[in-house]
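Trainee: Return a 3D structure for these sequence lines:
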Amino acid sequence: MAKLKYALYTGCTARESTPELLMSTLAVAKKLDIELVLLDEASCCGASHLQDFDDFLSLVLNARNICYAEKQELDMVTICNTCQLNTVMTKERLDGDEDLKSQVNEKLAEVGLEYKGTSSVRHFLYAIIDDYGLDRLAEKVVKPLDDFNIAAFYGCHNIRPSHLHRKHNAVERDVGEGGGEEGFEKVELMSKYNSGENPYNPTSLDRIIDALRGKSVDYESKNKCCGFHADLQAPHTAHKLTGTALLDAIDNNADMMVTPCPLCHLNMDVKQDSVAKEMGRDIKLPILHLPQLIGLALGIDPQELGLQHNVSEPTFV
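Mentor: Now for the predicted structure:
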């Protein structure tokens, strides 16, 4: 099998607020012999806030980021759910609207760039599942996680909006005579952008946990919102969302939680004391980034995975 190589769009958070995410991503990629080319010229995706203020600017900003992957002639992988959503929504809109793409490219030309739409964009989670393969990942496990109950927390932006993912999870094939709309049906396929995730019953993280030989926790809140994007406007509601998910995992005997999103990680990891006061219950639960969990099972040193930066102490290592 040819060596996997991607352009890595880190976003802001993995370089600043959660440096352990970038550390562990690079460590896992090295262990799995996946080459990641850092897009150091790329900038913030807008974090789902710029989009409300200036939609066109957000399109230019995200198209610019994709251009750097296109210049490398590589597909882009992300390690943040919100970056994933904003980047793929930009790609979706530009690839489907030539006039809009032309307007965006007129601005990009000012900095010597042109968006072509040649690079796909998806989360590192799905690159591991679809390209590397869970069977291959399982073969690399040297420290099975079979002693741990692990709660997968998906967050919102990697699996929603569902219509965007459904569109990219289907193709049309002729099943009738004479053509026409009635001659086509939708066929569910593995997605170009994710592994056909059902937002009501996501399974990707749970399948990763299984491959690492951990015990996946079944709990209702795994696909709910962590409250991050509501924190400034409605902190009480945000705390409730965070606390509900954490306590749901705890009440279902989770020893730890894992998430593919650094924003979800910040809420779950950093705010446990304040959320505990809001919920009226003690909350102590280690929160791991996805590559940290994978790295532990691969036998990577916890320091190399940045576990010393986690606020919720991972006492199991």
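
Trainee: confidence score at the residue lying closest to His229 once chain neighbours are set aside?
Mentor: Ranked by C-beta to C-beta, 6 or more residues apart in numbering and with sequence neighbours excluded, the top spatial neighbour of His229 is Ser48, at 6.0 Å. In this view, the C-beta of every residue, glycine as well, is placed from N, C-alpha and C. In the prediction, the pLDDT value recorded for Ser48 is 74.

Trainee: next one: His163
Mentor: His163 carries a pLDDT value of 66.

Trainee: what's the answer for Leu232, then?
Mentor: 75.

Trainee: wait, is it part of a helix?
Mentor: No - using DSSP: H, G, I helix; E, B strand; the rest coil, the secondary structure at Leu232 is coil, not a helix.

Trainee: what sits against the residue most central in space within the chain?
Mentor: For the chain, the residue sitting closest to the mean C-alpha position, by C-alpha atoms, centre = their mean, is Asn81 at 3.8 Å. Contacts for Asn81 were tallied using C-beta atoms under 8 Å, 6 or more residues apart in numbering; they are His123, Gly155, Cys156, His157, Asn158, Pro260, Cys261, Leu263, Cys264.

Trainee: Now go through those residues and say which are in helices.
Mentor: In helices, defined here by DSSP state H, the members of the contacts of Asn81 are Leu263, Cys264.

Trainee: Could you turn the buried ones of the contacts of Asn81 into a ChimeraX selection?
Mentor: One line in ChimeraX is enough to select the buried ones among the contacts of Asn81; burial here means 16 or more other C-beta atoms under 10 Å:
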select :123,155,156,157,158,260,261,263,264
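
Trainee: Turn the contacts of Asn81 into a markdown table, including distance to Leu305 and pLDDT.
Mentor: Formatted as a markdown table, the entries for the contacts of Asn81 read as follows, by distance: C-beta to C-beta, whole Å; pLDDT from 0 to 100:
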| residue | distance to Leu305 | pLDDT |
| --- | --- | --- |
| His123 | 19 | 93 |
| Gly155 | 20 | 90 |
| Cys156 | 25 | 86 |
| His157 | 24 | 81 |
| Asn158 | 21 | 80 |
| Pro260 | 15 | 96 |
| Cys261 | 17 | 96 |
| Leu263 | 19 | 94 |
| Cys264 | 18 | 95 |
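
Trainee: sorry, back to before: would you mind measuring from the residue nearest to the centre of the chain to His229?
Mentor: Here the criterion is C-beta to C-beta, to the nearest Å. By it, Asn81 lies 11 Å from His229.

Trainee: Give the residues shared as contacts by those two.
Mentor: Applying C-beta under 8 Å, 6+ apart, one finds that Asn81 and His229 are jointly contacted by Leu263.

Trainee: quick one: Tyr200 is in a helix?
Mentor: No - Tyr200 sits outside any helix when classified using three-state DSSP, being coil.

Trainee: which residues touch it?
Mentor: Tyr200 is in contact with Asn223, counting by C-beta under 8 Å, 6+ apart.

Trainee: that older thread, nearest to Ser102 among the contacts of Asn81?
Mentor: Nearest to Ser102 among the contacts of Asn81, counting by C-beta to C-beta, is His157 at 27.9 Å.

Trainee: Correct me if wrong: the closest one contacts Gln84.
Mentor: Yes - look at His157 against Gln84 with C-beta atoms under 8 Å: they come within range, at 6.4 Å.

Trainee: Leu266: neighbour count?
Mentor: Counted with other C-beta atoms under 10 Å, the neighbours of Leu266 add up to 20.

Trainee: in terms of contact, does it touch Thr18 like I think?
Mentor: Yes - A contact is recorded between Leu266 and Thr18 when judged using C-beta under 8 Å, the distance being 6.6 Å.
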